Each structure stands twice: as C-alpha cells, then as structure tokens.
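Undergrad: prediction below, plus the sequence it came from.
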2 protein chains.
Amino acid sequence: MKQEQIEDIRNFNRFYSKVIGLLDKTYLKSADSIAEVRVLCEISCDATLTANDILTTLGLDKGYLSRILKSFEKKKLITKERSATDGRVMYLKLTQLGRLEFEKLDKGAAAQVSEAFGGLSEDDYHTLIESMKTIKSILIKK
Amino acid sequence: MKQEQIEDIRNFNRFYSKVIGLLDKTYLKSADSIAEVRVLCEISCDATLTANDILTTLGLDKGYLSRILKSFEKKKLITKERSATDGRVMYLKLTQLGRLEFEKLDKGAAAQVSEAFGGLSEDDYHTLIESMKTIKSILIKK
DNA sequence: TAAAATAGTTGACAAAATCAACTATTTTAT
DNA sequence: ATAAAATAGTTGATTTTGTCAACTATTTTA
C-alpha cells in the first residue's frame, strides 16, 4: 500500500470524522450519550439480544454497558429476562416505551441527516450514495 | 431528499463510524485523547495559530482547550507567544520536542491506516480512494 | 471614554469511560 | 463426578473527558 494512498485515506477520514462528529453533536442535544443511543439501537434491531452481544458488536466496557442497561431499565425502556437454558445470560427487550423512545431518536437522526446533507442536486445524491456503497462494499469484504 | 436516500446515508454513516472508531481506539493506546491529538495536529499545520483558531475549527470548549494547551506547555510540546499587536491573543508553536512527538503520532496513525485498510487489490484501492474523493468533493461544495 | 466584544484562564462540577474485584452460572478436562 | 477454567454480568473506586459559569485582561465600538 502506497504512502500516497494512505494519505488519501487519512485525508478522507479526517474529513468524514468531522461530518460524523457534527451529526453526533447536534444529535446529542436531544438525547443521551452516543453510547446509549447505539445500545438502544442494537436492542431495537434484535429481539434475542444479550448484553454480551452488545459488548462484542459495540466494543464497550462490561461495567459501562451494565450501567447503561441498568439506567434503561430504570427508565422503563427495556426489560431484562434471564435465559431459561443459560442462567448467566439476560435477554434484552425494548418495552413499549422503549420502542417509542427509539422511534423518536431515529426520526430525529433522520431529520438531522436530511438537514446536514440536504440541498444537493439529484445527480449529486446519486453519485454520493453510489460512492458510499462502493466504499462499504470494498471494505466489508476484508 | 428521499427517505431512501437518507437511509442509505445513515447506513454508510453507521458503518464508517465504526471504521473510524476502531482506528481511534487502537490509536489512543499509544497516545493522548483524540482531542489532544487533533489540537497538536492543528498546531503543527499552521505556524501562526491561536487558541481561538482551534476553537473555531475544532469546536471545543474554551476551558477544555485552555487546559489541553497548558498541559502541552508543561510537557514542553508547545510554546505560547503573546501577539505584539493584540495583547489578548497567544500564538502557538510546536517546540522541537513537539514536532518530534507529532511526527511519532503521525507515523503511528499512518501505520494504523495501513494496517486497517491493508490487503486490498490495487484496483480496489483505486476505486476506494476515488469514491472517497468523490464524496468529499460533493459535500465540500455545500 | 464608557460599554460591548474578544481572547484566554480558572474553579467547580458532571458525564463518560475504565479497571479490578466480585457473584453466579456453565463448560472443560481429568 | 468434580475441581478448575471460562463466561455473563454486577458493583465500587477511580480516571478521563468535557461542560459551565465566573473571572482577568485586552481591544473595539459607539
């Protein structure tokens, strides 16, 4: 891998970090921490999810996650249910309220993306999204 | 902007957040906080930089930045020099040691990108980087 | 020249994250 | 069968990171 290629990639990373950072920043005005949002998102996506699953996919600290989950429970956003077959694991599920809350966050995030990326021509959207898909497809096969 | 386009962009953002997060994580094992690295980077790029410049480009808190800079000064990585024409502003400069430190960080970051993005075909690199440039060029003209 | 604005500092504090020790289960190896 | 190792999760102590508001010292504006 050439020096120049590395620099090109770093250049993009720096640029896109700012984009994501900006989104995160405005996002968080109306929400909890990024970690919390991600955790909620994971739970909403998978009905048979355990804390450990989240640990591996999000790479958080055990203790940190445990506390986040406890706070969710206190706010009645999730329930924990001990597995019948393995007494160590807890299945996490969104409550009605949790689903509502997540939906709200999700809509907010979408609105924000629409705000941040809005105002391009139809052509540019097409090219932009194609490029995004290309990047992901190349990196994902690693 | 269509719903589907928003979703496509969010999809990429989620994906690329992880890529960047991973880089940051391994990066920080051998360095200070991300904020500190960014600040050092800014200073190294511009010889007539003030704290306020950093505030506007990086969007940090005044107090937070002030402390970071103080710690850099203590570690002899930078010097502050009061402007002759405006007694409020302080010019920030890397010391010899600061330049060395930055170079070390910079090399480390490059090595990490090379590690994380390594192993693709020459074709894939080309396509990847083209896509990155395309994305940046579209977003930057906003 | 008084008031407003700007650059930066400081103290108090809050939020986010890490570390290590701990309990309670389950799995592995003898 | 059972002791040891591994796994899932919790808890307390602590550190790191970031925010807020009040402050000093200049400079600009009216």
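TA: Here it is on my side, so go on. Residues are numbered from 1 along each chain as shown, chains lettered A, B, ... in the order given.
Undergrad: give the contact list for A:T57.
TA: Contacts were defined as CB atoms under 8 Å, 6 or more residues apart in numbering or on different chains; by that measure A:T57 touches A:E42. The way it works is simple: take the backbone N, C-alpha and C, and place the C-beta from them, glycine included.
Undergrad: so which residues on chain A come close to DNA strand C?
TA: Applying CB under 7 Å from any atom of the strand, one finds that chain A approaches DNA strand C through A:28, A:32-35, A:60-64, A:67, A:85-88.
Undergrad: going through these, which ones are buried?
TA: By the neighbour-count criterion of 16 or more other CB atoms under 10 Å in any protein chain shown, those include these buried positions: A:32, A:60.
Undergrad: and stretch A:73-88, what's buried?
TA: By neighbour count, and taking 16+ other CB under 10 Å as the criterion, the buried residues in stretch A:73-88 are A:77-78.
Undergrad: neighbouring contacts of that stretch?
TA: If you take CB under 8 Å, 6+ apart as the criterion, stretch A:73-88 is touched by A:40, A:43, A:50, A:69, A:72, A:89-95, A:97-98, A:101.
Undergrad: ranges for the strands of chain A?
TA: A:49-50, A:78-82, A:90-94 (DSSP state E).
Undergrad: I'd like those strands as CSV, with mean pLDDT and distance to A:I140 appended.
TA: Compiled in CSV, these are given as follows (pLDDT from 0 to 100; distance: least, CB to CB, whole Å):
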stretch, mean pLDDT, distance to A:I140
strand A:49-50, 97, 22
strand A:78-82, 97, 29
strand A:90-94, 97, 26
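Undergrad: export those strands as CSV, with columns for distance to B:A116.
TA: Shown next, in CSV, are the strands of chain A (distance: least, CB to CB, whole Å):
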stretch, distance to B:A116
strand A:49-50, 27
strand A:78-82, 33
strand A:90-94, 30
